[in-house]
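Participant: quick one, structure for this:
(one chain, ligands or ions: 1)
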Amino acid sequence: MPLTRKDLLGLQDVPAHEIEEILNTADMMRSILYANTKKTPHLQGKSIVTLFYENSTRTRMSFELASKYMSAASANISASASSVSKGETLIDTGVTLDQMGTDVIIIRHPMAGAPHLLAAHVKAAVINAGDGMHEHPTQALLDMLTMRAHLGGLAGLRVAIVGDVAHSRVARSNVLGLTAMGAQVVLCAPPTLLPPEIARTGAVVAPTVEDALAGADVVMALRIQLERQQRGLFPSVREYCAHWGIDKKRLALAKPGALVMHPGPMNRGVEIASDVADGVQSVITEQVQGGVAVRMALLYLLTRKGAGA
Ligand code: CP
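Facilitator: All right, here's what the predicted structure looks like:
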């Protein structure tokens, strides 16, 4: 079934059956990634633009590769190399792309709500690839895809998310998505890195990392976002690692075989020890592969409307 929505701006308003549909489609898309010839006609005749106002490796490349694997015409705009650097507004940039026949605009922007503003002014479908500290829906979808592949389902899972929750759009989207799918999310962070409104999200806050990890099916470490952070939110990187870092001893508190996840990029030796990041329980590299499959699925589902599908 195609998605009825025009855009994917966050997981706030995406019901469980739509998440299920996206994940099921992504599972089918995975087979294309394993094929010798990565080329399908799913997006033939469609035009996809990535519009990134912030740096990215995984998200931007996976959207670009997903577009190419499915035969779309694709292009990238980075803010520094476009007319944005001359003062053009986001809406004018969007309207310009619309006039060029763009079917999907994928936007990453430092301001929360920028994708919503763009979506309200363009005919193209808009996908949020991360807006400030708000949401990163495609990251949460690929995380759920990875969990589902290993653990069989999402309902009833205990997912511990540890780290810089306050600055994390990944944490927010995962709380929304996992809660909708019936999982329990347990958050743990230094008190200065926990937003006060977190109690309203349905997630549980654990007082210590040991409490968070006890009995967890999944342990997700978040990146300490030094570039977003004012000084003084925790005493030092060394102290952060000592109190909240995921190491082998702490991981042993989780269920045997619990999955270790990280959205990347990682600060090795800070929020996660290298031997955990590279250990047998880690699915961090699989998350990257799932990212391409999820983005293929979304591009396909959002462009099927009106195609008689
Ligand atoms: N996880 C994530 O969004 O990574 P990038 O910043 O490399 O896209």
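Participant: tell me where the stretch 201-309 of the chain has helices.
Facilitator: Taking DSSP state H, counting those that start in this stretch to define them, one finds helices in the stretch 201-309 of the chain at 209-213, 237-244, 248-251, 274-277, 284-303.
Participant: pick the most deeply packed of those.
Facilitator: helix 284-303 (a mean of 23; mean count of other C-beta atoms under 10 Å). From N, CA and C alone the C-beta is placed, and that goes for glycine too.
Participant: shouldn't Leu33 be in contact with Gln289?
Facilitator: Yes - under the criterion of C-beta atoms under 8 Å, Leu33 is in contact with Gln289, at a separation of 6.5 Å.
Participant: and the stretch 201-309 of the chain, which of its residues are near the ligand?
Facilitator: For the stretch 201-309 of the chain, the residues in contact with the ligand under the definition C-beta under 6 Å from any ligand atom are Pro263, Gly264, Pro265.
Participant: can I get the buried ones among these as something I can paste into PyMOL?
Facilitator: With 16 or more other C-beta atoms under 10 Å as the criterion, this PyMOL line picks the buried residues out of those:
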select buried, resi 263+264
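Participant: now, among the residues of the stretch 201-309 of the chain next to the ligand, which is nearest to the ligand?
Facilitator: Closest approach between those and the ligand, by C-beta to the nearest ligand atom: Pro263, at 4.0 Å.
Participant: what's the helix or strand for the nearest residue to that closest one once chain neighbours are set aside?
Facilitator: If the residues on either side of it in the chain are set aside, Pro263 comes closest to Val170, at 4.6 Å by C-beta to C-beta, 6 or more residues apart in numbering. Element membership of Val170, judged by DSSP states H and E, is helix 169-180.
Participant: and that helix, how far out from the chain's middle?
Facilitator: Averaging C-alpha coordinates over helix 169-180 and over its chain gives two centres that are 9 Å apart (C-alpha atoms, centre = their mean, to the nearest Å).
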